[in-house]
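Undergrad: only the shape, not the letters, is given here:
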Ligand SMILES: [Zn+2]
Ligand SMILES: [Zn+2]
């Protein structure tokens, strides 16, 4: 995409010139540095979208520079490509350990660099699943494949320093461990769909919340009876848990929202109420022309497509909100038969979700909030059926099941 800025750091002027020309032809702005002296201040001042860093410069250790960029007080969160004439596997591993996203072997054709840059800068949003199970964590051997932690999804948006988190189920603990190595100064938005147990129980175990210097904004649907702090600290009252919220060392802020549009860390989030007991929200991230939707705990009218007037009317607002989404993560806890026995519990049959995604011309659907009774074998068979149903919809919809640890880059 034209107009994005690439910072090139290399002591070889010829390489700088050739790279700069090729990137300029592809529509990118470039900044060139011949050593690492001004790197931190240049990054802070000009906020490049991507950095290409030579790791062997006279008097400069590029790997240390890379590590500094990733762990400073204001860590750089954009992609870093390291270029090196040393092609040893150990060097590549080291580069990745200090936070490089890719390794470019020297000498390289300028077009190869342009392709790598383009690949990074067009893949703007990363979505990682830390918890995908509904209702209660499952720790059995039969569910370990898809995962037993309750809902937690992490979003990273290229060029945006803050992390975004949808829900704080038990998967949030793992997410917290994954950022343990980062220095202080983690900033994040923890956006709750609602406050049922399975969406909040990871919060007391979220390590970064105990670290001074970190900053989190807790976002969620306003409740009629208590504010967000009261709602979230309730589960940490001494009768339930030994540590109170007052022991969180991070700075916490609260943002009670309803339906509408809100900007979090410079990124647009739209919200819509879901069909679920109490107040619950569906989130839509809109960024760089892409839409990612998190619609957990939502009960669609059963067989809505064939059920006639009212049901279709009820799903119209979802059709509009989900329209042409690049990724829809949607509750699909039940089979149609199970839903018959659990009407009003706030969850959908997977068949109705696939039909809705197809009707809304969603590109990619991920079924989420798996029932605690659904084993890996059962979910595998459900996936085959869901793929078939999506394929026979006559749209380009692809369908998947959420699996703990999965990463989707859009
Ligand atoms: Zn739930
Ligand atoms: Zn719920």
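TA: Thanks, I have it. Note that the coordinates shown come from a computational prediction; the quantities given were computed from them, not determined experimentally. Ligands and ions are numbered 1, 2, ... in the order given.
Undergrad: can you tell me the closest non-neighbouring residue to the residue of the stretch 301-410 of the chain found nearest ligand 1?
TA: Here the residue of the stretch 301-410 of the chain nearest ligand 1 is residue 369; by C-beta to the ion that distance is 5.7 Å. The C-beta positions use only the backbone N, C-alpha and C, and glycine is treated the same way. For residue 369, ignoring the flanking residues on the chain, the nearest one in space by C-beta to C-beta, 6 or more residues apart in numbering is residue 134 at 3.6 Å.
Undergrad: wait, the one you found sits on residue 373?
TA: No: in this structure, residue 134 is not within contact of residue 373 by C-beta atoms under 8 Å, at 10.2 Å.
Undergrad: which one's more surrounded, the two?
TA: Comparing residue 134 with residue 373 by other C-beta atoms under 10 Å, the one with more neighbours is residue 134, at 26 against 12.
Undergrad: contacts only, for that one.
TA: Residues counted as contacts of residue 134 (C-beta atoms under 8 Å, 6 or more residues apart in numbering) are 150-151, 198, 296-297, 331, 333, 347, 368-372.
Undergrad: next to ligand 1, which bits of this structure? Give me the list.
TA: Within the chain, the residues that sit near ligand 1 (C-beta under 5 Å from the ion) are 134, 198, 297.
Undergrad: does the residue lying closest to the last one once chain neighbours are set aside count as helix, strand or coil?
TA: Going back to what we said before, that points to residue 297. Leaving out its chain neighbours, the residue that sits closest to residue 297 by C-beta to C-beta, 6+ apart is residue 276, at 4.6 Å. Applying DSSP: H, G, I helix; E, B strand; the rest coil to residue 276 yields a three-state assignment of coil.
Undergrad: and stretch 274-290, what's buried?
TA: By neighbour count on 16 or more other C-beta atoms under 10 Å, the buried set for stretch 274-290 is 274, 275, 276, 279, 280, 281, 282, 283, 284, 285, 287, 290.
Undergrad: near ligand 2 at all, that stretch?
TA: No: contact of stretch 274-290 with ligand 2 (C-beta under 5 Å from the ion) is absent, the minimum separation being 5.5 Å.
Undergrad: which residue packs closest to residue 310, ignoring adjacent ones?
TA: Among residues not flanking residue 310 along the chain, residue 301 sits closest, at 7.5 Å (C-beta to C-beta, 6+ apart).
Undergrad: so that neighbour touches residue 313, yeah?
TA: No: no contact is recorded between residue 301 and residue 313 when judged using C-beta under 8 Å, the distance being 9.3 Å.
Undergrad: could you find the closest non-adjacent residue to the residue positioned nearest the centre of the chain?
TA: Geometric centre of the chain, nearest residue: residue 155, 1.8 Å, by C-alpha atoms, centre = their mean. Spatially, and ignoring its direct neighbours in sequence, residue 155 is nearest to residue 164 (4.1 Å; C-beta to C-beta, 6+ apart).
Undergrad: report the contact partners of that neighbour.
TA: By C-beta under 8 Å, 6+ apart, residue 164 lies in contact with 154, 155, 156, 157, 188, 189, 191, 264, 265, 267, 285.
Undergrad: and the gap between it and ligand 2?
TA: 20 Å (C-beta to the ion, to the nearest Å).
Undergrad: surely the residue nearest to the centre of the chain is in a strand?
TA: Yes: assessed with three-state DSSP, residue 155 lies in a strand.
Undergrad: got a list of what it touches?
TA: Neighbour list for residue 155: 125, 126, 127, 163, 164, 165, 166, 285, 292 [criterion: C-beta under 8 Å, 6+ apart].
Undergrad: contacting residues around residue 291?
TA: Here residue 291 is in contact with 284, 285, 324, 325, 326, 327 (C-beta under 8 Å, 6+ apart).
Undergrad: nearest to residue 177, of the residues you listed?
TA: Closest approach to residue 177 among the contacts of residue 291 (C-beta to C-beta): residue 285, at 23.9 Å.
Undergrad: name the strands paired with whichever strand or helix holds the closest one and say parallel or antiparallel.
TA: Element membership for residue 285, per DSSP states H and E: strand 281-287. Using DSSP bridges, the strands paired with strand 281-287 are strand 267-273 (antiparallel), strand 290-295 (antiparallel).
Undergrad: contacts for that strand?
TA: By C-beta under 8 Å, 6+ apart, strand 281-287 touches 124-125, 155, 157, 164, 166, 191, 193-194, 220-221, 257, 259, 267-274, 291-295, 298, 321, 325.
Undergrad: could you give me the average pLDDT of that strand?
TA: Strand 281-287 shows a mean pLDDT of 94.
Undergrad: give the contact list for the closest residue to residue 395 other than its chain neighbours.
TA: Nearest residue to residue 395 in three dimensions, chain neighbours excluded: residue 358, at 4.8 Å (C-beta to C-beta, 6+ apart). Contact analysis of residue 358 by C-beta under 8 Å, 6+ apart lists 390, 393, 394, 395, 397.
Undergrad: thought residue 365 was touching residue 352?
TA: No: taking contacts as C-beta under 8 Å, residue 365 lies outside contact range of residue 352: 12.0 Å.
Undergrad: ok, these two, which is more surrounded?
TA: residue 365 (28 against 24).
Undergrad: in what helix or strand does that one lie?
TA: For residue 365, the host element (DSSP H and E) is strand 364-368.
Undergrad: quick one: secondary structure of the residue lying closest to residue 112 once chain neighbours are set aside?
TA: Excluding the flanking residues, the one nearest residue 112 by C-beta to C-beta, 6+ apart is residue 104, at 7.2 Å. Following three-state DSSP, residue 104 is assigned to strand.
Undergrad: what residues of the helix or strand hosting residue 24 count as buried?
TA: Element membership for residue 24 (DSSP H and E) is helix 13-25. By 16+ other C-beta under 10 Å, the buried positions in helix 13-25 come out as 15, 16, 19, 20, 22, 23.
Undergrad: what of stretch 60-78?
TA: Buried residues in stretch 60-78, counted by 16+ other C-beta under 10 Å: 60, 62-63, 65-71, 75-78.
Undergrad: same deal with stretch 245-264?
TA: 245, 248, 250, 252, 257, 262, 264.
Undergrad: so which of the strands paired with strand 281-287 is the most packed in?
TA: strand 290-295 (a mean of 24; mean count of other C-beta atoms under 10 Å).
Undergrad: right, and the helix or strand after that one?
TA: helix 309-322.
Undergrad: between strand 290-295 and that next one, find me the angle.
TA: On the basis of axes from the mean of the first three to the mean of the last three C-alpha atoms, to 10 degrees, helix 309-322 is oriented at 140 degrees to strand 290-295.
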